[in-house]
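# Kindly return the folded structure for what I paste below:
(one chain, ligands or ions: 1)
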Amino acid sequence: MSSIAEITSQRETQKKLKHPIHVTSEIGTLRTVLLKRPGKEVENLTPEFLQRLLFDDIPYLPIIQREHDYFAETLKNRGIEVLYLEKLVVETLSNPEIKKQFIDDILRESKANVNGAAHVLKEYLLSFSTADMVDKVMSGILKKEIEPEKKSHLYELMEDHYPFYLDPMPNLYFTRDPAASIGNGLSINRMREPARRRESLFMQYIINHHPRFAGHDVPVWLDRDFGFSIEGGDELILSDEVVAIGVSARTSARAIEKLALNLFKKQDTIKKVVAVEIPKCRAFMHLDTVFTMVDYDKFTIHPEIQGPQGNMNVYILEKGIDDEHVNITHRTNLQEALKEVLHLDELVLIPCGGGDEIAASREQWNDGSNTLAIAPGVVVTYDRNYISNELLRQNGIEVIEISSSELSRGRGGPRCMSMPIVREDLHK
Ligand SMILES: NC(=O)NCCC[C@H](N)C(=O)O
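Numbers count the residues shown, from 1 in each chain. As a prediction, the model looks like this:
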């Protein structure tokens, strides 16, 4: 029979889980996750704009969709509730006033290409059903779709060669990056690259207006108006007390410090933010492309982020003398720093590609370190990274593989393609 303490604790967990967002670890059993099924936006990629749109190749739509559906089914078969971003956005914008406001916002944020055509584009978008309008906004609007108006400005004539009024958003299936769940709240991120910056507007609207979230107390620890960039691929919830954040090509030290200040001030459980500096290059774009948590005491790592003897720059931020200051201390070894903040005597770093120079580099490029933990010691990975997957198994991890020929072309793996909304708390 359960003790009174156990029953009370179960009730507490139930109560906490009723909150629409609840994530206190990287590895707690995943209950609800947000995905985006790749859509027409990936068919609007062309070779000349690949770099600008942050792709290395053009995925074949029917196959990337099939692979993504398989990913979603894999999660559902494990009892995980899958929410789709595109569906939540349509539901959010079912209110005509909110829809108009959204169209104004998205056009304003697309101003580089929209120029003087905002009013025509607004009418154009309003002429669609909400679902089709959302699809248009996500997949992009070509100039040739709209009757040309008389061009009265030099810049309008100069920009004729550029095909889009609204750029496609092919990176939307990487739901991890525009926002990150931390405790019962979120960071809604100012994304580093212009190609992705509009993406976090969707989450802002969902949180403020979708019935599943609006009206609940969902704190926003850092919002997208903050002037420095941060992306969810860099935000790892190591425990209910510790968040690790990559100082990377995408995430700035200033955003990390501001987020830490806000968490220390408004979120009573987070005690430490661990800033992990990684090389600023495309292959290592976020911390989660080189480092993910797979069990209480096990992580994947791309060995190249560490110098000789495993040295690298790790900074631990803690509450300072007042709400405006943090205490910062420096560590030079990631493994030791992790043991310290997680109160562990032993901790295993599992090297991507088994540490072999070629295999590590190849498998990391295809997200061999980017695992999605769906429970402690259970991860979803790409099938193509067979050396890393085998090594995970040898370390006692259950590895669920998904196919990845087309999904991997966007340079993101299972963790990048998923935003946990609810996870069960870990047993202490
Ligand atoms: N967390 C991640 O590493 N996300 C992958 C994002 C890939 C996307 N093509 C990008 O460059 O932003």
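# interface residues of the stretch 301-428 of the chain facing the ligand?
When proximity is defined as Cβ under 6 Å from any ligand atom, the stretch 301-428 of the chain approaches the ligand at 410-412, 416. Heads up, the C-betas are built off the backbone N, CA and C, glycines and all.
# can you check the stretch 101-250 of the chain too?
Going by Cβ under 6 Å from any ligand atom, the residues of the stretch 101-250 of the chain near the ligand are 171, 174, 176-177, 196, 233.
# Where does pLDDT dip in the chain?
The chain contains residues with pLDDT under 70 at 1-17, 112-115, 147-151, 155-160, 428.
# Point me to the residue of it nearest the ligand.
Sorted by distance to the ligand under Cβ to the nearest ligand atom, the residues of the chain start with residue 233, at 2.3 Å.
# okay if I get the residues of the stretch 101-250 of the chain next to the ligand as a markdown table plus secondary structure?
Putting those into a markdown table (DSSP: H, G, I helix; E, B strand; the rest coil) gives the following:
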| residue | secondary structure |
| --- | --- |
| 171 | helix |
| 174 | coil |
| 176 | coil |
| 177 | coil |
| 196 | helix |
| 233 | helix |
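# Neighbour-wise, give me the winner out of those.
Counting by other Cβ atoms under 10 Å, residue 177 has the largest number of neighbours within these, with 29 neighbours.
# Name the residues that touch stretch 193-204?
By Cβ atoms under 8 Å, 6 or more residues apart in numbering, the residues outside stretch 193-204 that reach it are 52-54, 85, 88-89, 102, 105-106, 109-110, 112, 167, 169, 171-172, 177-179, 186, 188-191, 223-224, 231, 250.
# and if you look at stretch 269-278?
Here stretch 269-278 makes contact (Cβ under 8 Å, 6+ apart) with 24, 182-183, 238, 240-248, 253, 256, 259-260, 263-264, 284, 287, 290-291, 305, 312-319, 326, 334, 337-338, 341.
# Quick one: buried ones out of those residues?
24, 182-183, 238, 240, 242-248, 256, 259-260, 263-264, 284, 287, 290-291, 305, 312, 314-317, 319, 326, 334, 337-338, 341 (16 or more other Cβ atoms under 10 Å).
# so of these, which ones are in helices?
Among the buried ones among the contacts of stretch 269-278, DSSP state H puts 256, 259-260, 263-264, 334, 337-338, 341 in helices.
# farthest pair in the residues you listed?
Farthest-apart pair in those is 264 and 334; separation 22.3 Å (Cβ to Cβ).
# Centre-most residue in this structure?
With distances taken as Cα atoms, centre = their mean, residue 176 lies nearest the centre of the chain, 1.5 Å away.
# From residue 90, how far out is that residue?
Relative to residue 90, residue 176 is positioned 21 Å away (Cβ to Cβ, to the nearest Å).
# Next: residue 289.
31 Å.
# So for those two, which sits in the more crowded spot?
Looking at residue 289 and residue 90 with other Cβ under 10 Å, you find the greater number of neighbours at residue 289, namely 31 against 18.
# which ones are touching the more buried one?
Neighbour list for residue 289: 233, 283, 302, 364, 367, 369-370, 411-413, 416 [criterion: Cβ under 8 Å, 6+ apart].
# rerun at 10 Å
If a contact means Cβ atoms under 10 Å, 6 or more residues apart in numbering, then residue 289 has 233-234, 246, 248-250, 278, 282-283, 302, 305, 352, 364-365, 367-370, 411-413, 415-416 as its contacts.
# likewise residue 316?
With contacts taken as Cβ under 10 Å, 6+ apart, residue 316 has the following neighbours: 242, 244, 271-275, 326-331, 337, 340-341.
# What is the nearest of those to residue 209?
When the contacts of residue 316 are compared for distance to residue 209 (Cβ to Cβ), residue 273 comes out closest, at 29.9 Å.
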